[in-house]
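>>> quick one, fold the following:
(one chain, ligands or ions: 1)
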Amino acid sequence: MSNSGTAVSEVEIPKPSGLEGVVAASTALSHVFGEEGKLVYRGYDIHELAGHASFEEVAFLQWVGHLPNEAELKAFTAKLDANRTLPDELITILRQLPADTAPMDALRTGVSSLGPLLPGVFNDEPDLDEAIALAARFPSILAAFHRVRNGLEPVAHKSGHNTAQSYLYQLFGTEPEERHWKPLETYLILLTDHGMNASTFAARVIASTQSDIVSALTGAVGALKGPLHGGAPSLVLDMLNEIGTADNVDTWLNAALDRGDRLMGFGHRVYKAEDPRAEILREMARTASDPDFFELSLRTEQRALELLNERKPGRRLYTNVEFYSAAVLAAVGLPGDMFTPTFAVARSVGWSAHVLEQVANNRLIRPQSEFVGPIDLHFVDLGDR
Ligand code: ACO
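Numbers count the residues shown, from 1 in each chain. Below is the predicted model:
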């Protein structure tokens, strides 16, 4: 252990590949065409769905495999409706968390506790009913936590509200305006699934051990939380707030890059072109967000791209989904620390769909490591060391 308490290795470890380029599963759910900047859900380019389909239609598509007909959609939304309520014991748990608990931590705790608190619901091999029972409660958990941390009583889901409406209604206790729930719905559609991203991989690894769906999604929430994955949008908001004005953009960005910091909302493991979700969110932000904030976002994006291109030539760093997520989610009225949890509301559909796909054709995911340490050492008694 070093003085700071950080564990260090005495062996030189080569730079990891981060499994870049490794195909870890076969999936029919979604695919990221990194060179083209294209994202497809079960055959549909996201431009076909965003702004056209409802989030519920897209969730059905991901879980079941085709777009629902009218009767299927009605039965499906009724099922979601019936699965929004939280057990009282879960509200008690949320009340006991310190008020400064990060909502992502509260979500992880809430999702995990649904297993024991809904006895009989998650006992079988994961299936569609279990996926719905879990994913439908993500907005309820977050909204309840947000209210109790602010000293307010939780608000129950109102029957007939779609997912975006339900989330905002349970959060703020008032009928959501279309100018808020509509952009939120499009955001949720865009974030539903995204190939073999880190949190989805985590969910599939857990499911592959024949563990339960609650464990798989609890692990996925933990994986999403980090800033190299879903934790970036509130940091984008912090960055834009710190920059403050257009004339400070260059100074701020250059100072961050001089320190070796990463610019949040830029770069992606797979996209070597603009993330198509960023393009759609930019247009949404143009109409939904505060005009000054949008202008600052645009200016910051433009200069960040130029500076990254100058300083990291050949790395092909473009705007990713997180950059304009910040402007859109702020315009919807969400506080910064609810951005990543809101991403989880959307991704709960993709995670659970991947769990169902994994268990339908399972083989334990168990890779190997390259051993780079010594062998054949001999134990020496403590007094002789
Ligand atoms: N700012 C500055 N430099 C960057 C950035 C960035 N945002 N992203 C990558 N780079 C640089 C790295 O420093 C590295 O440079 P080097 O070769 O000189 O060392 C090079 O580009 C390649 O970076 P890697 O870390 O190898 O790329 P990787 O594929 O592992 O990273 C990641 C992808 C984690 C998203 C990265 O681009 C990043 O950290 N971005 C900022 C955080 C962010 O926006 N996260 C949200 C991602 S989107 C999502 O998950 C939903």
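>>> just confirm Val236 is within a helix.
Yes - under DSSP: H, G, I helix; E, B strand; the rest coil, Val236 sits within a helix.
>>> quick check: closest non-adjacent residue to it.
Leaving aside its sequence neighbours, Val236 sits nearest to Ala326 (C-beta to C-beta, 6 or more residues apart in numbering; 4.0 Å). (Glycine included, C-beta is placed from N, CA and C.)
>>> for my notes, confirm Met196 occurs in a helix.
No - counting by three-state DSSP, Met196 falls outside a helix, being coil.
>>> quick check: chain neighbours aside, which residue is closest to it?
Ala24 (5.4 Å).
>>> contacting residues around the one you found?
For Ala24, the contacting residues are Met196, Phe201, Arg204, Ile365, by C-beta atoms under 8 Å, 6 or more residues apart in numbering.
>>> separation between it and the ligand?
Distance of Ala24 to the ligand, computed by C-beta to the nearest ligand atom, to the nearest Å: 15 Å.
>>> for that residue, phi and psi?
In terms of degrees, to the nearest 10, the main-chain angles of Ala24 are phi -100, psi -10.
>>> element containing Val221, please.
Taking DSSP states H and E as the definition, Val221 sits inside helix 213-224.
>>> try Leu90
helix 88-96.
>>> what distance separates that helix from the centre of its chain?
Per C-alpha atoms, centre = their mean, to the nearest Å, the displacement of helix 88-96 from the mean C-alpha position of its chain is 24 Å.
>>> which SSE is immediately downstream of it?
helix 103-117.
>>> buried residues, the helix or strand following that following helix. List them.
Sequence order places helix 128-135 as the next helix or strand after helix 103-117, per DSSP H and E. Residues of helix 128-135 classed as buried under the neighbour-count rule (16 or more other C-beta atoms under 10 Å) are Glu130, Ala131, Ile132, Ala133, Leu134, Ala135.
>>> tell me which of those is nearest to Glu10?
For these, the closest approach to Glu10 (C-beta to C-beta) belongs to Leu134, at 43.3 Å.
>>> quick one: contacts for the residue nearest to Val236?
Ala326 touches Pro233, Ser234, Val236, Leu237, Leu240, Gly265, Ser297, Gly336, Phe339, counting by C-beta under 8 Å, 6+ apart.
>>> those: which ones sit near the ligand?
The residues of the contacts of Ala326 that also fall near the ligand, by C-beta under 6 Å from any ligand atom, are Gly265.
>>> redo the contacts of Ala326 as a markdown table? Include pLDDT.
Output for the contacts of Ala326, formatted as a markdown table (pLDDT from 0 to 100):
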| residue | pLDDT |
| --- | --- |
| Pro233 | 87 |
| Ser234 | 89 |
| Val236 | 95 |
| Leu237 | 93 |
| Leu240 | 96 |
| Gly265 | 95 |
| Ser297 | 96 |
| Gly336 | 94 |
| Phe339 | 96 |
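>>> if you rank the contacts of Ala326 by neighbours, which is first?
The residue in the contacts of Ala326 with the most neighbours, by other C-beta atoms under 10 Å, is Pro233 (29 neighbours).
>>> show the model's pLDDT score for Ile13.
Listed pLDDT for Ile13 reads 88.
>>> just the one 5 residues further on next, same as before
pLDDT for Gly18: 93.
>>> so it belongs to a strand, correct?
No - counting by three-state DSSP, Gly18 falls outside a strand, being coil.
>>> which ones are touching it?
By C-beta under 8 Å, 6+ apart, the contact set of Gly18 is Arg269.
>>> then Arg315?
Shown in contact with Arg315 (C-beta under 8 Å, 6+ apart): Gly267, Leu308.
>>> pLDDT score for it?
pLDDT recorded at Arg315 is 93.
>>> change the start of the numbering to 825 and stick with it
Yep, numbering from 825; the last one is Arg1139 now.
>>> host element of it?
Arg1139 belongs to no helix or strand when assigned by DSSP H and E.
>>> next, the buried residues of the helix or strand harbouring Phe1163.
Using DSSP H and E, the element containing Phe1163 is helix 1163-1184. By neighbour count on 16+ other C-beta under 10 Å, the buried set for helix 1163-1184 is 1163-1183.
>>> what do you get for stretch 937-947?
Here stretch 937-947 shows Ser937, Leu938, Gly939, Leu941, Leu942, Val945, Phe946 as buried, counting by 16+ other C-beta under 10 Å.
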